[in-house]
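**Student:** Build me a model:
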Amino acid sequence: MRPLQFATIICGMLLVTIAPAAPTKIGDQLDGYMQAQVNRNHFTGAVLVAQNGKVLLAKGYGYANAEWKTPNTLQTKFRLGSLTKQFTATAILQLRAKAGSACRIPYANTFSRALRLGSR
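**Tutor:** Numbering: from 1, shown residues only. This next block holds a predicted model:
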């Protein structure tokens, strides 16, 4: 390949990378990337990408059930298991810190009540 051809190709690639794209074009690029992840890395899940309150991509990828070939959609319900416990604990601690001395309920009462409710 001649140096001039190589330089032209590199400049063209830089322009494509740097040039601002319309929102639909960004959504298409994101969709292409996610589809490549499905094909190469067997990604499965739902994706929502928004910028400044405008949805750029909202789509399900892969299978919700690979055995039955049930595709993921935006309405697919995922089992989260114990993942949410960390977020709940963080939210409780943040609320407690924000309330400061105004919160007079001891942590032990809060957690023991939650444990009693959870064991029903």
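**Student:** Tell me how many other residues crowd residue 38.
**Tutor:** When neighbours are defined as other Cβ atoms under 10 Å, residue 38 has 15 of them. (Glycine included, C-beta is placed from N, CA and C.)
**Student:** May I ask which helix or strand encompasses it?
**Tutor:** For residue 38, the host element (DSSP states H and E) is helix 23-41.
**Student:** Give me the contact list for that helix.
**Tutor:** Around helix 23-41, the neighbours that count as contacts under Cβ atoms under 8 Å, 6 or more residues apart in numbering are 21, 43-44, 47, 49, 51, 54, 56-57, 59, 61-62.
**Student:** hmm, who's touching the helix or strand that comes right after it?
**Tutor:** Using DSSP H and E, the next helix or strand after helix 23-41 towards the C-terminus is strand 45-51. Strand 45-51 has contacts (Cβ under 8 Å, 6+ apart) with 23, 26-27, 30, 34, 55-62, 72-74, 76, 78.
**Student:** if I look at residue 33, how far off is residue 59?
**Tutor:** In this structure, residue 33 and residue 59 are 12 Å apart, going by Cβ to Cβ, to the nearest Å.
**Student:** just residue 68 next, same as before
**Tutor:** Distance of residue 68 to residue 59, given as Cβ to Cβ: 20 Å.
**Student:** So which of the two has more stuff around it?
**Tutor:** Taking neighbours as other Cβ under 10 Å, residue 68 and residue 59 compare with residue 59 leading, 16 against 7.
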